[in-house]
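In: Structure here, sequence nowhere to be found:
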């Protein structure tokens, strides 16, 4: 309803806060861009919201995939031991905020800068 009222079409990221008294969720933040954790929702075909948007805008078909429930998002500098620990069996996988096998530069930069604090 929010995006319809605004006339917005596209990718967005929402943050909600739960009220401890009522248990209701309230919209805290609306960002008209992909959120930092967008890779957490990649499906079995490797499709995430940014890739889906690109394929849609270039009129190409989207590969068929299924959701991967149980995935967890780890921000390495907030949870360094969790980042180093192997993922537990039975989970849908783990997405790291900074480290990627195909581009190790962001992860190296994170630890170099974090070490200076």
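Out: Yes, it's here. These figures come from a predicted structure and were not determined experimentally.
In: All the strands of the chain, in order from the start?
Out: In the chain, the strands defined using DSSP state E lie at 13-18, 25-31, 72-74, 94-96.
In: Worst mean pLDDT across the helices and strands of this structure, which element?
Out: helix 80-84 (a mean of 69; mean pLDDT, DSSP states H and E).
In: Look at the nearest residue to residue 15 once chain neighbours are set aside and say how many residues are nearby.
Out: Spatial nearest neighbour of residue 15, excluding adjacent residues (Cβ to Cβ, 6 or more residues apart in numbering): residue 29 at 4.0 Å. For the C-beta atoms, the positions are set from N, CA and C on the backbone; glycine is no exception. Residues contacting residue 29 under the criterion other Cβ atoms under 10 Å number 10.
In: List the contacts of residue 29.
Out: By Cβ atoms under 8 Å, 6 or more residues apart in numbering, the contact set of residue 29 is 13, 14, 15.
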